[in-house]
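J.: Quick check, what structure comes out for this input:
(one chain, ligands or ions: 1)
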Amino acid sequence: MPVSLKNNIFWVGYVDWSVRDFHSYDTVRGATYNSYLIRDEKTAVIDGVNENFVDFQLHRIAALTTLDKVDYVVCNHTELDHAGSIPELLKALPNATLLCNAKCYEEMKLYFDTTGWRVKVVSPDETVSLGKRTLAFVNTPMVHWPESMVTYVPEDELLFSMDAFGQHIATSERFDDEYDLGTILTEAKLYYANIVTPYGKQVQTTLDKAKGLKISMIAPAHGLIWRKNISAILEHYQRWSLGEYSPKALILFDSMWHSTEKMAEGILQGAADSTPDVDTQLMNVRRTTLTRIATEMLDASAVAIGSPTLNMMLMPQMAAVLTYIKGLKFTQKTAFAFGSYGWASAGCDQCDKWLDELNWTRLCDPIKIKFRPDQAALQQCREAGKKLAEAAKARVAK
Ligand code: FEO
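T.: You can find the predicted model right below:
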């Protein structure tokens, strides 16, 4: 039974229950590649799916119309989880014209052999009539690729928002009021933190554009369709894109013989005992995925980073974490470095240097302990933990 969003508008996507690694992002709940079909005087398909699942998409389309009746395929975004099926779609839909913006077409030509494709390049102020309905196109560059755009149907107050407002959740449900809202928002945050964070300014521009539209439904390219909690997801995007903080402190560490771990636990104890209203989290970076660390980092206000020395370097997984979070360009945090060492404090010193790379505010000098921390060293860590939690609260209050 086809899923209907509005009268004669249907979901024709694919639920990927098995995917657990989406270009290195952990998709523990699987994913969906959403595509939609609008049946009017003319018929349009909005977006493709991952190329491996084009047969499923075509099967859903064929259940709603004959394939030669599809007039348009809209490509909002060239990334292959959406554009991947488009070459096969255009082969199977003999009368379909691809609608995309100029940048998208440029990129499509670099991915695919577009010989023989019917293409209409659309500009942002252009509309395409389907009969009773109109497709209007709004460019949203860098949300999250340069060509990204969204498609709006004013007659249905329906926004096909591409990656924006998406979540990676495999489910048989299609709408936000059919699934646990807390889980949807948790996954939306995880998606935002790991994919969209570097483009906060562009998200702000997109949100400003959205304010000018009447929207009763947001149909993203991943996950649940928003029809009940539209204001909730818009407010969350507003907060995330502005880089708003929560009273939260993260203690990231790696350890070889538990000495840096003991220091991390001392810092946690100092924070938790002195300032329990700050959410202080201890994360062993070899036991916590990059995806999870980035998600918690999104709204954290203070961070402690600890590593011992391995071959005159910081621990390799800590280097991976710091590289990943630098690329995601999180807003400024208050932070300090710590670590135990045997004969050279290079690991801790390099963590301290990373604070400059990240453009974070240094709370205090690095805490470096030779071999195992004694009671005095652990007290030093507890005091630093207290300062860390206080700094987390202070940054939220600013
Ligand atoms: Fe879902 Fe940017 O692709």
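J.: Tell me where this protein has helices.
T.: 54-62, 80-83, 86-92, 102-111, 181-191, 200-211, 230-242, 259-274, 290-297, 316-327, 346-357, 375-397 (DSSP state H).
J.: So which elements touch the first one?
T.: Using 3 or more Cβ pairs under 8 Å, 6 or more residues apart in numbering; DSSP states H and E as the contact criterion, the neighbours of helix 54-62 among helices and strands are helix 86-92. All C-beta spots, glycine's among them, are computed from the backbone N, C-alpha and C.
J.: got a list of contacts for the helix it packs on?
T.: The contact list for helix 86-92, computed with Cβ atoms under 8 Å, 6 or more residues apart in numbering, reads 45, 48, 51, 54, 57-58, 67, 73, 75, 96, 98, 108, 112-113, 117-118.
J.: can you do 10 Å?
T.: With contact meaning Cβ atoms under 10 Å, 6 or more residues apart in numbering, helix 86-92 is reached by 35, 45, 47-49, 51, 54-55, 57-58, 61-62, 67-68, 70, 73-75, 78, 80, 83, 85, 96-98, 100, 108, 111-114, 116-119.
J.: picking up where we left off before, show me the one of the helices of the chain that comes nearest the ligand.
T.: helix 80-83 (4.5 Å; Cβ to the nearest ligand atom).
J.: buried stuff in stretch 386-396?
T.: For stretch 386-396, burial by neighbour count (16 or more other Cβ atoms under 10 Å) applies to 386-393, 395-396.
J.: Y105 against T97, yeah?
T.: No. Assessed by Cβ atoms under 10 Å, Y105 is found out of contact with T97, at 12.0 Å.
J.: okay, and the common contacts of these two?
T.: 117, 119-120.
J.: quick one on the thing from earlier: please, a ChimeraX command that selects the buried ones among the contacts of helix 86-92?
T.: Filtering the contacts of helix 86-92 down to the buried ones (16+ other Cβ under 10 Å) takes a single ChimeraX command:
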select :35,45,47,48,49,54,57,58,61,70,73,74,75,78,83,85,96,97,98,100,108,117,119
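J.: Next, the contact list for S85, please.
T.: So, once contact is read as Cβ under 10 Å, 6+ apart, S85 ends up touching 14, 33, 35, 45, 47-58, 73, 92.
J.: Over to K329?
T.: Counting by Cβ under 10 Å, 6+ apart, K329 touches 197-200, 243, 358-359.
J.: Apply 8 Å and report the result again.
T.: Going by Cβ under 8 Å, 6+ apart, K329 touches 197-198.
J.: Mind pulling up the pLDDT for it?
T.: Per-residue pLDDT puts K329 at 95.
J.: Compute the distance between it and F338, please.
T.: Using Cβ to Cβ, to the nearest Å, one gets 24 Å for the distance from K329 to F338.
J.: Output stretch 198-210 as PDB, restricted to C-alpha atoms.
T.: This file holds the C-alpha atoms of stretch 198-210, laid out as PDB (Å, rounded to 0.1, in the frame of the first residue of the first chain):
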ATOM      1  CA  PRO A 198      30.400  23.100   9.700                       C
ATOM      2  CA  TYR A 199      27.700  24.900   7.800                       C
ATOM      3  CA  GLY A 200      25.800  26.700  10.600                       C
ATOM      4  CA  LYS A 201      25.800  30.000   8.800                       C
ATOM      5  CA  GLN A 202      24.300  28.400   5.700                       C
ATOM      6  CA  VAL A 203      21.700  26.700   7.900                       C
ATOM      7  CA  GLN A 204      20.800  30.100   9.300                       C
ATOM      8  CA  THR A 205      20.300  31.400   5.800                       C
ATOM      9  CA  THR A 206      18.200  28.400   4.900                       C
ATOM     10  CA  LEU A 207      16.100  28.900   8.000                       C
ATOM     11  CA  ASP A 208      15.600  32.500   7.100                       C
ATOM     12  CA  LYS A 209      14.400  31.400   3.700                       C
ATOM     13  CA  ALA A 210      12.000  28.900   5.200                       C
END
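J.: Need the contact partners of it.
T.: By Cβ under 8 Å, 6+ apart, stretch 198-210 touches 138, 140-144, 150, 159, 164, 196, 234, 237-238, 240-243, 327-329.
J.: Next one, pLDDT for the nearest residue to Y72 once chain neighbours are set aside please.
T.: Nearest residue to Y72, sequence neighbours excluded (Cβ to Cβ, 6 or more residues apart in numbering): A44, at 4.1 Å. Listed pLDDT for A44 reads 98.
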